[in-house]
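1. Okay, sequence plus prediction incoming.
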Amino acid sequence: MLEPIEAGEFDVVIGSRFLSGSTGMPFLRGLSNRVSTYLVRLATGLSSSECTDSQCGFRVFGNDALEKLSDLESERFNIEAEALIAAVRNRLRIKEVPIHCEYSDSIGSNIKPSRTIITNDRFTPALLANTNVGKKARMVVARYATSGMM
């Protein structure tokens, strides 16, 4: 994961569990990840090939990226989305690389649908204010919020 940063080709490298074929993700984690990744794509304009796993916390940031992203405020699972949105807004070069992840039945998930990025007070306004997203994003957010998932 360091090579693209060290070569000066990218500013942010994000691991993706979906590029490597990792399997066994718990249902709620997978659902939350798919919804969150879709919403991050809407907020940033990234394509499905540019952003497959917005919630993976396995990331490498170059020095310039760390400086530009030093004012992030989110906590817990929301930080991944805020960092990715800020990276795109700062025109940082982002690359996803495959990582392998194994899940165990004995390890529970800390994911709670009521704490996904949609409920984050910084993410939702960013999504709704994005002029490239418009009505479609507002409909997705409204549908998600009224589906009982929160």
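-> Sure, I can see it.
2. Show me which helix or strand of this structure is least confident by mean pLDDT.
-> Scoring the helices and strands of the chain by mean pLDDT, DSSP states H and E places helix 134-146 at the bottom, with a mean of 46.
3. What are the buried residues along the longest helix along the chain?
-> If you go by DSSP state H, the chain has its longest helix at helix 27-44. Residues 30, 32-33, 35-44 are the ones in helix 27-44 that count as buried (16 or more other CB atoms under 10 Å). In this view, the C-beta of every residue, glycine as well, is placed from N, C-alpha and C.
4. now do stretch 71-84
-> Within stretch 71-84, the residues that count as buried by 16+ other CB under 10 Å are 74, 77-84.
5. Just the endpoints, please. Distance across it?
-> Stretch 71-84 has an end-to-end distance of 13 Å (criterion: CA to CA, to the nearest Å).
6. and what of stretch 56-72?
-> 17 Å.
7. can you list contacts of it?
-> By CB atoms under 8 Å, 6 or more residues apart in numbering, the residues outside stretch 56-72 that reach it are 1-2, 5, 10-17, 79-80, 82-83, 86-87, 90, 92, 99.
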